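>>> Task: produce atomic coordinates for the following.
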Amino acid sequence: VFGTHVLHLFRRLNRICAHYGSDPVYITSSATMGNPRELAGELLNRSFYAIEDHGAPAAARHFVFVNPTESPNTLAAHLLRASVLKDYRTIVFTRARITTELVYRWATQSRPDLRERISSYRAGYLPTERRQIEQALNGGELMGVVATSALELGIDIGGLDICVLVGYPGSIINTWQRAGRVGRAGRESLILLIASPDALDQYFMRHPGEFFARDLEDAVVDPTNQYILKNHLTCAARELPLVASEAEYALPNYQEAVDALTEEGTLLQNAEGDAWFAARKQPHRLVNMRTIGESYRIVDRGDNQIGTVSGGQVYGECYKGAIYLHRGRQYEIGDRNPERGQIYAEEVDVAYFTRARTEKDTEILEELRSRPLQGFMARLGRLKVSSQVVGYEKIRVGDQVVLSKHELESPVEHFETIGFWIELDAHFKADLSRHQHHYMGSIHAIEHAMKSLFPLLALCDRTDVGGICYPQHPQLGKGAIFVYDYHPGGIGLAEKGFAQLDRLLDMTLSMVETCDCLLGCPSCIHFPTCGAGNVPLDKAGAVHLLGALTGRRTIERTPSAAEGAEDAPIFAEWEEEEQVEDAPPEQGPHVVVFDLETQRSAAEVGGWNKAHMMGMSVGVVWDSRAQACTKYFEEDIDRLLEHLQAADLGVGFNIIGFDYSVLRGYSPFDFRTLNTLDILREIHQRLRYRVSLDSLGKATLDAAKSADGLDALRWFKEGRMDLIAEYCQKDVELTRDLFYFGLRENYLLFDRRNEGRMRIPLDWKLEDLVSRGGLDCPQDG
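Next up is the predicted model:
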């Protein structure tokens, strides 16, 4: 984005020079990159000669790869503190603004005296703050700094001794650029690359030789980006009137952009129709060279400015309730004032940070190119991406446990961009089904892994590309995986990915199949900003499908098996036929799976021991004979009890401790006579502690709960029985799938903190469960 802005800045300069008869000669000095001559030519619209060798002496650099078992951020904070205490001038580079603030906070928390010697630095700080930090660092007053890429180049901060990279910076270029901050005074220096668990970092941890052997990436700019072009054309028209044929703007979409600006009143066309003028006197003030779109000021209630945030980051970072970090201080985001371009914030001191949850959709506007690959078609085109922040999570600092989830009502953002997509005909789904792989989980995993490795193809961060997958895209009538530029108008990344798609798929397969995990992890198919919470995912299915997409194996084309997928994107629930793939045959013992939701909370009735007073709002029973779910409301209690009594085995999650206790408020029936399997009780007997249904679903099936009990209580007060019934049914289906998985595999999985997924051994045999008779169910709440 910044490079494209610079390109247009120079084109404006060139047209002014030409107007006054000047033809300047440009001498450029390049940062580290793979295509300096080509980039200079694109930026300045001139031909260049390149001098690429140098003979400058350099002191030894020690480069250490660190693959920690603890949090990379925590380790970075420890290293920074220890280095400064030993008087080594140290810079820590992070990949995100929130990480910068957290590392700084942790580094100084136990040693407040170091706040005079260490600072944080990132975009969003006020210019005066940034200049003060730069001067203090250059003058030796500061011994350490935690920074984003904002301090990567172009600023004189003197010679440093140690560079700590918290995570792979996203490109070889950025890595060496940041490493170049140390060892400038002829002294030996140390560079520490601390790997995070994500796919790209772990790829280089497993292939360190490739890191040092890789060529520098090419820098990418896109002069045709409509959003950036229109901003600079407005400024150019203020500097000199635009005409129909501009030497510096020999672009295919020049006239289209001029016409659009004229239509919206930003440009004014003269009476003769051969020139255009800017409507504003100072349009330059509205152009941010580092972003696309408007910026917002973050202010306190006294209107004092705290920092800034670009328009593209507002909804994802500055939603109401978000915790905004600035130089180690915490602020809770309040209301937003779009008219004034302000966001209000209040300083707080809390032990958590926040993370947004998003939903998105993709519409194909125009196909630009296509190419057949290994048995599938890939296409490049213009896309319309819709994105909405639907909620956020409060995450405890330190162990990163999710404390709570909150819903948000935010506007849907739309932007047009360039992307490519892989079309998956019916035989791919049929092949996955034959091998008992989850179709949606497989393509979702591939989408994540492709995005993670995309920076290996082009100079970008993985957040510069977005992705979404569909079991059946409504326009295509088939499955599809989309990858697109996550910037309005596109910045040339998707074109590079499309041209090297076969290589990207090969690298993706290699990375996923060589990861040591069993079911998928942040080192292969998990993506940290997944709006669907990284569910569903099927690692084995992804490897299976990638084998076909890379031509390593062939599959039989049987399209009929892939019918029936919902026209739903990844953030929606996947298909019903997919969800029941673990369901049993209709014959055999009569099994029911039961769950209910209540009208009142424990707090409202005086405690959990009074569950019989909570009242049932909705109950759902899945029946193995009917192979379907039946919904029961409060007036249907008698029919519900008859259904439960008719079964050979009842299955639930906390059914003995809770569900039966609620039903006891309606009937004197002795629920101890029912033959019941309570999965929660079974797990508690094994582990001696509880594991949530959501945790079991995610770890075992890559499937999460769709909501929680608080949502159900709120929906009851709102009269939304339909939403309660839908949520309850999904819990029943999740419980059912866990039950049959446990029957088949003799274990369930759960996530043990810092140790990965663990098995809970089970000894379930259906005939034994059916024959054991009633259980000792409590009769008192």
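>>> What's the biggest helix in this protein, counting residues?
The longest helix of the chain (DSSP state H) is helix 721-745.
>>> For it, which helices and strands make contact with it?
Secondary-structure packing of helix 721-745 (3 or more Cβ pairs under 8 Å, 6 or more residues apart in numbering; DSSP states H and E): strand 591-598, strand 616-623, strand 628-633, strand 649-652, helix 679-687, helix 693-696, helix 709-717, strand 747-752. Quick note: C-beta positions are derived from backbone N, CA and C, even for glycine.
>>> Once you drop chain neighbours, what's closest to the residue most central in space within the chain?
Nearest to the geometric centre of the chain sits residue 529, at 1.6 Å (Cα atoms, centre = their mean). Leaving aside its chain neighbours, residue 529 sits nearest to residue 463 (7.3 Å; criterion: Cβ to Cβ, 6 or more residues apart in numbering).
>>> for that neighbour, helix, strand, or coil?
helix (DSSP: H, G, I helix; E, B strand; the rest coil).
>>> Surely it touches residue 486?
Yes - in this structure, residue 463 is within contact of residue 486 by Cβ atoms under 8 Å, at 6.6 Å.
>>> who's more crowded, the two?
Using other Cβ atoms under 10 Å as the criterion, residue 463 and residue 486 rank with residue 486 on top: 24 against 15.
>>> weakest of the helices and strands packed on helix 721-745 by average pLDDT?
For these, the bottom mean pLDDT is recorded on strand 747-752, which sits at a mean of 82.
>>> Give me the angle between that strand and helix 721-745.
If you take axes from the mean of the first three to the mean of the last three Cα atoms, to 10 degrees, strand 747-752 sits at 110 degrees to helix 721-745.
>>> how about the CA coordinates for strand 747-752, as CSV?
Written as CSV, here are the backbone C-alpha positions of strand 747-752 (Å, rounded to 0.1, in the frame of the first residue of the first chain):
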residue,chain,number,x,y,z
TYR,A,747,-11.4,-42.1,23.4
LEU,A,748,-12.3,-38.4,23.3
LEU,A,749,-9.9,-35.5,22.9
PHE,A,750,-9.4,-32.4,24.9
ASP,A,751,-6.9,-29.5,24.8
ARG,A,752,-4.5,-29.5,27.7
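>>> which residues sit against that strand?
519, 679, 683, 691, 695-696, 698-700, 738, 741-742, 757-762 (Cβ atoms under 8 Å, 6 or more residues apart in numbering).
>>> now those residues: which count as buried?
519, 679, 683, 691, 695-696, 698-700, 738, 741-742, 757, 760, 762 (16 or more other Cβ atoms under 10 Å).
>>> Widest-spaced pair of these?
519 and 679 (19.3 Å; Cβ to Cβ).
>>> re earlier: pLDDT value on the residue nearest to the centre of the chain, please?
76.
>>> try the one 10 residues further on
With respect to pLDDT, residue 539 has a value of 95.
>>> Let me know the distance separating it from residue 471.
18 Å (Cβ to Cβ, to the nearest Å).
>>> Flag the shaky bits of the stretch 451-600 of the chain, pLDDT-wise.
Where the stretch 451-600 of the chain drops to pLDDT under 70, the residues are 557-587.
>>> can you check the stretch 301-450 of the chain too?
311-312.
>>> quick one, strands of it?
Secondary structure of the stretch 301-450 of the chain (DSSP state E, counting those that start in this stretch): strands located at 305-310, 323-326, 329-337, 342-348, 352-372, 377-396, 402-407, 413-424.
>>> TSV for those strands, including distance to residue 641 and mean neighbour count?
As requested, these are exported to TSV (distance: least, Cβ to Cβ, whole Å; neighbours: other Cβ atoms under 10 Å):
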stretch	distance to residue 641	mean neighbour count
strand 305-310	56	18
strand 323-326	48	22
strand 329-337	48	16
strand 342-348	50	17
strand 352-372	38	16
strand 377-396	37	18
strand 402-407	34	12
strand 413-424	46	22
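>>> still on that earlier bit, of all the helices and strands packed on helix 721-745, which lies closest to residue 229?
Closest among those, using Cβ to Cβ: helix 709-717, at 45.0 Å.
>>> Put the alpha carbons of the closest one into CSV.
Written as CSV, here are the backbone C-alpha positions of helix 709-717 (Å, rounded to 0.1, in the frame of the first residue of the first chain):
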residue,chain,number,x,y,z
GLY,A,709,-26.5,-20.8,28.1
LEU,A,710,-26.5,-17.0,28.7
ASP,A,711,-27.6,-16.5,25.1
ALA,A,712,-30.4,-19.0,25.6
LEU,A,713,-31.6,-17.2,28.7
ARG,A,714,-31.6,-13.9,26.9
TRP,A,715,-33.5,-15.3,23.9
PHE,A,716,-36.1,-16.7,26.3
LYS,A,717,-36.7,-13.2,27.7
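>>> now the angle from it to helix 721-745?
Using the same axes, to 10 degrees, helix 709-717 lies at 150 degrees relative to helix 721-745.
>>> Just to confirm, what's the three-state secondary structure of residue 33?
coil.
>>> Just confirm it contacts residue 221, I think it does.
No - here residue 33 lies out of contact with residue 221, judged by Cβ under 8 Å, at a distance of 11.6 Å.
>>> Find residues that contact each of the two.
By Cβ under 8 Å, 6+ apart, the residues touching both residue 33 and residue 221 are residue 39.
>>> just to revisit the earlier point, what's the closest of the helices and strands packed on helix 721-745 to residue 555?
Comparing these by Cβ to Cβ, strand 747-752 comes nearest, at 28.7 Å.
>>> Given whichever helix or strand comes after that closest one, what are its sheet partners and their directions?
Later in the chain than strand 747-752, the nearest helix or strand by DSSP states H and E is strand 756-761. Taking DSSP bridges as the criterion, strand 756-761 sits next to strand 747-752 (antiparallel) in its sheet.
>>> Please list all residues in contact with residue 335.
320, 343-344.
>>> Closest to residue 672 out of those residues?
Among the contacts of residue 335, and counting by Cβ to Cβ, the member closest to residue 672 is residue 320, at 48.9 Å.
>>> Look up the residues forming beta bridges with residue 591.
Applying DSSP bridges, one finds that residue 591 bridges with residue 649.
>>> err, residue 678, not the other one
Going by DSSP bridges, residue 678 forms beta bridges with residue 652.
>>> any chance of the strands of the stretch 301-450 of the chain in TSV, plus distance to residue 181?
TSV is the format used below for those (distance: least, Cβ to Cβ, whole Å):
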stretch	distance to residue 181
strand 305-310	24
strand 323-326	23
strand 329-337	26
strand 342-348	31
strand 352-372	27
strand 377-396	31
strand 402-407	36
strand 413-424	33
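>>> Would you tell me which of these gets closest to residue 116?
strand 329-337 (16.1 Å).
>>> now the angle from the closest one to strand 342-348?
150 degrees.
>>> What pairs with strand 329-337, parallel or antiparallel?
Applying DSSP bridges, one finds strand 329-337 paired with strand 323-326 (antiparallel), strand 342-348 (antiparallel).
>>> Let me have these in a markdown table, extended by distance to residue 246.
Converted to a markdown table, the strands paired with strand 329-337 look like this (distance: least, Cβ to Cβ, whole Å):
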| stretch | distance to residue 246 |
| --- | --- |
| strand 323-326 | 42 |
| strand 342-348 | 37 |
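>>> who wins for proximity to residue 90 among these?
strand 323-326 (20.6 Å).
>>> ok, and what's touching that closest one?
97-98, 101-102, 105, 124-125, 298, 306-307, 317-318, 330-333, 345, 348, 350, 352-354.
>>> Just the C-alphas of that strand, formatted as CSV.
Output in CSV follows, covering the C-alpha atoms of strand 323-326 (Å, rounded to 0.1, in the frame of the first residue of the first chain):
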residue,chain,number,x,y,z
ILE,A,323,-9.0,-2.7,25.1
TYR,A,324,-6.6,-0.3,23.2
LEU,A,325,-3.0,-0.3,24.4
HIS,A,326,-0.8,2.8,24.1
